[in-house]
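K.L.:
Let's see this in three dimensions:
(one chain, ligands or ions: 1)
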Amino acid sequence: MYETDLLFGIAVILLFIYLRTFVRDFLKYHHQFWKIPGPKTLPLTLIAYLFTARSNADRFEILQNLSKRYPRYYSLWFGTMYLFITDDPDVAQKLLTLPQCVEKNFFMDLFGFPNGLIAMKADKWKNERKLLNSTFSLPVLQSYLPIFTKCISKSIECLNEKCDKEEFDIKHNVTVVVMNAVMNTTFGKDLSRDVAETFMTNTEKLLDIIWKRAMKPHYHYKSIYSLSNMQKEENEYRKFIFDFVTTEWNKLKNNDNDMNSVDNSFIHHLMKVSNNGRNFTSEEILDHCGTMLVAAADTMSTALKFTLLMLAMHENVQQRIVEEINEIFGEEDLIVDYEKLSELKYIEMTIKEALRLFTPTTGLFREVRADVNIGIDNVCLPKGTNLVINVYGLHRKKELWGDDAHLFRPERFSAENSFNRHQYAFLPFANGMRLCIGNRYAMIFMKLIVVHYIKNFHFSTSLKYENVRVKAGITLKLIGNHLVKITTRRKGDD
Ligand code: HEM
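P.N.:
Presented below is the predicted three-dimensional model:
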């Protein structure tokens, strides 16, 4: 009896908190809510609607269908949150370039690492970003080329073991090569295969839990979430990553020799910034490094897994890449410096097309800090509105990409075909004020992987393009495995 009363009491209190927040926010936003198109359900109805969906993939589809039903933009209540969602490039451009929209919203607070660039509050972010830009300058990135090449050579040795055999999930190999490259350029350190995979597994699980929490409005309340098993799991994954970064940092900090040996890495460049007047605390250094590892690892491995799968499915594209490699390198062994890398235009187009269809980051989240006019239909968003740029929807819009928007066709990124394209139609790395700091890093590394892998192996798969299904998370996920078969590419195969 006592327990039932207690549970009833808790339920009443929670309902009260919920209704109070909802009524407060509803009074604040209702003028907009009625003006802007969107499902006019009460928040609880929409949540029920989303929850009756069988799976994460269905939920993602429901949200994407809403974008089709309300072209350009719409608004809805999600729990007690008022969301403004757009897949329109003009609106995206306006919002992503406005100082009033530089703040990340509540979803990004869940990411953690508050002193890292991704989740950092806007007031601090502006200066910090200026300082950190130097750690991703072109000379720094060019100096990473030999490191990337070494990691890729090791990866090719591992792939050789799978060559001319059965189909396998390329995920594991991609994970290891990405983690190794990122660890080397962050801490100047190699990882064993096991450690690389464990780090990636913890990262994926952490991001998965953050996403699940974001999708469950009752867990937006810290008091409720802290009682859940998800919170315990999240702590575990976070602790793994935090301990990992702390151990690496302590090793370097306590040993000058070690610090000198990593003079070509993010931590070294960060210390240079720190010694030049902006003294970072240990906490800030750990958050910056943790952010870089997590931000780089999951996004790049997602992008690469989809790119390789697309190559395996599109023989004609692979063939065109082989021709490009032959044109640029002839019969010589691959020695890929920055100039040669810049000449690999078709590989770049291929990666961009994979990033368009399978953008690792499906949405961008912001909070409006002062009332803003979105620049069309005289819509004004009040302070506090949560913005979502639906990048996945934007990248597949027929109005922007043509009737064949759903097809994998790298040619749409040729210079002539891109000439008239809206600057904000393609946002895999965001754009505007909080553009991804690692975008050039990612493109260099991914191009290098593709040129080496395709020079060495022919990719195929039994999977069919028309059966590819995805689900959203912090990064996009394929439903099923990235199955490929690789065979040795011999001279004359092309
Ligand atoms: C294919 C690979 C990548 C993709 C698709 C990607 C995507 C993105 C996107 C969409 C954002 C903006 C997030 C937002 O506005 O909420 C972002 C920010 C960021 N990314 Fe990347 N990223 C990639 C690779 C990398 C790499 C390699 C690094 C570091 C080595 C990195 C570090 C960051 C950081 C630190 C931010 C926060 C920037 C800021 O707010 O100033 N990313 N990334």
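
K.L.:
sec struct for residue 85, please.
P.N.:
Secondary structure for residue 85, judged by DSSP: H, G, I helix; E, B strand; the rest coil, is strand.

K.L.:
and it, what is it in contact with?
P.N.:
The neighbours of residue 85, taking CB atoms under 8 Å, 6 or more residues apart in numbering as the test, are 38, 66-67, 73-76, 387-388, 390. Any C-beta I mention is one placed from the backbone N, CA and C, and that applies to glycine too.

K.L.:
give me the low-pLDDT residue ranges for the stretch 301-450 of the chain?
P.N.:
Filtered on pLDDT under 70, the stretch 301-450 of the chain yields no residues whatsoever.

K.L.:
State the number of residues packed around residue 177.
P.N.:
Residue 177 is flanked by 27 other residues according to other CB atoms under 10 Å.

K.L.:
Excluding chain neighbours, give the residue nearest to it in space.
P.N.:
residue 155 (3.9 Å; CB to CB, 6 or more residues apart in numbering).

K.L.:
what's the distance between the one you found and the ligand?
P.N.:
As judged by CB to the nearest ligand atom, to the nearest Å, residue 155 and the ligand stand 17 Å apart.

K.L.:
Tell me which entries of the contacts of residue 85 lie within strands.
P.N.:
73-76, 387-388, 390 (DSSP state E).

K.L.:
Any chance of a markdown table for the residues you listed, columns neighbour count and distance to the ligand?
P.N.:
Shown next, in a markdown table, are these (neighbours: other CB atoms under 10 Å; distance: CB to the nearest ligand atom, whole Å):
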| residue | neighbour count | distance to the ligand |
| --- | --- | --- |
| 73 | 24 | 18 |
| 74 | 19 | 20 |
| 75 | 25 | 20 |
| 76 | 22 | 20 |
| 387 | 25 | 10 |
| 388 | 23 | 10 |
| 390 | 23 | 13 |
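
K.L.:
can you list the residues you listed in TSV and add distance to residue 269?
P.N.:
Below are the ones in strands among the contacts of residue 85 laid out as TSV (distance: CB to CB, whole Å):
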residue	distance to residue 269
73	40
74	43
75	42
76	43
387	32
388	33
390	35
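
K.L.:
Going by distance to residue 318, which of those residues wins?
P.N.:
residue 390 (30.9 Å; CB to CB).

K.L.:
Need the per-residue pLDDT for residue 279.
P.N.:
Looking at residue 279, its pLDDT stands at 82.

K.L.:
I meant residue 169, not that one.
P.N.:
Residue 169 is given a pLDDT of 97.

K.L.:
secondary structure class for the closest residue to it other than its chain neighbours?
P.N.:
Nearest residue to residue 169, sequence neighbours excluded (CB to CB, 6+ apart): residue 481, at 4.2 Å. Using three-state DSSP, the structure places residue 481 in coil.

K.L.:
re earlier: out of the ones in strands among the contacts of residue 85, who's nearest residue 371?
P.N.:
residue 387 (13.0 Å).

K.L.:
my read: that closest one touches residue 95, true?
P.N.:
Yes: taking contacts as CB atoms under 8 Å, residue 387 lies within contact range of residue 95: 5.9 Å.

K.L.:
shared neighbours of these two, which are they?
P.N.:
If you check residue 387 and residue 95 against CB under 8 Å, 6+ apart, the residues they both contact are 86, 101, 366.

K.L.:
Could you dump those residues into a markdown table and include distance to residue 234 and neighbour count?
P.N.:
Shown next, in a markdown table, are those (distance: CB to CB, whole Å; neighbours: other CB atoms under 10 Å):
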| residue | distance to residue 234 | neighbour count |
| --- | --- | --- |
| 86 | 30 | 26 |
| 101 | 28 | 27 |
| 366 | 23 | 25 |
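
K.L.:
Out of these, which is nearest to residue 12?
P.N.:
Using CB to CB, those come closest to residue 12 at residue 366, 34.7 Å.

K.L.:
Shouldn't the closest one be within a strand?
P.N.:
Yes: applying three-state DSSP, one finds residue 366 inside a strand.

K.L.:
need the contact list for the nearest residue to it once chain neighbours are set aside.
P.N.:
Residue nearest to residue 366 in three dimensions, not counting chain neighbours: residue 387, with 4.2 Å by CB to CB, 6+ apart. By CB under 8 Å, 6+ apart, residue 387 lies in contact with 83-86, 95, 101, 105, 364-368, 381.

K.L.:
gap between the two ends of stretch 371-390?
P.N.:
21 Å (CA to CA, to the nearest Å).

K.L.:
contacting residues for residue 472?
P.N.:
Here residue 472 is in contact with 56, 59-60, 63, 211, 362-363, 392 (CB under 8 Å, 6+ apart).

K.L.:
quick one: which of those is most hemmed in?
P.N.:
Counting by other CB under 10 Å, top hit in the contacts of residue 472: residue 362 with 25 neighbours.

K.L.:
element containing residue 273?
P.N.:
helix 266-275 (DSSP states H and E).

K.L.:
That helix packs against which elements?
P.N.:
helix 122-133, helix 171-187, helix 282-313 (3 or more CB pairs under 8 Å, 6 or more residues apart in numbering; DSSP states H and E).

K.L.:
Could I get those helices in CSV, plus columns for distance to the ligand?
P.N.:
CSV is the format used below for the helices and strands packed on helix 266-275 (distance: least, CB to the nearest ligand atom, whole Å):
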stretch, distance to the ligand
helix 122-133, 5
helix 171-187, 6
helix 282-313, 3
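
K.L.:
Just send those helices back as TSV, with distance to residue 425 too.
P.N.:
Output for the helices and strands packed on helix 266-275, formatted as TSV (distance: least, CB to CB, whole Å):
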stretch	distance to residue 425
helix 122-133	24
helix 171-187	27
helix 282-313	18
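
K.L.:
What parts of the stretch 101-250 of the chain come near the ligand?
P.N.:
104, 117-118, 129 (CB under 6 Å from any ligand atom).

K.L.:
For these, which PyMOL command selects only the ones that are buried?
P.N.:
Buried subset of those, written as a PyMOL selection, criterion 16 or more other CB atoms under 10 Å:
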select buried, resi 104+117+118+129
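
K.L.:
doesn't residue 313 make contact with residue 464?
P.N.:
Yes: if you go by CB under 8 Å, residue 464 and residue 313 touch, sitting 7.5 Å apart.
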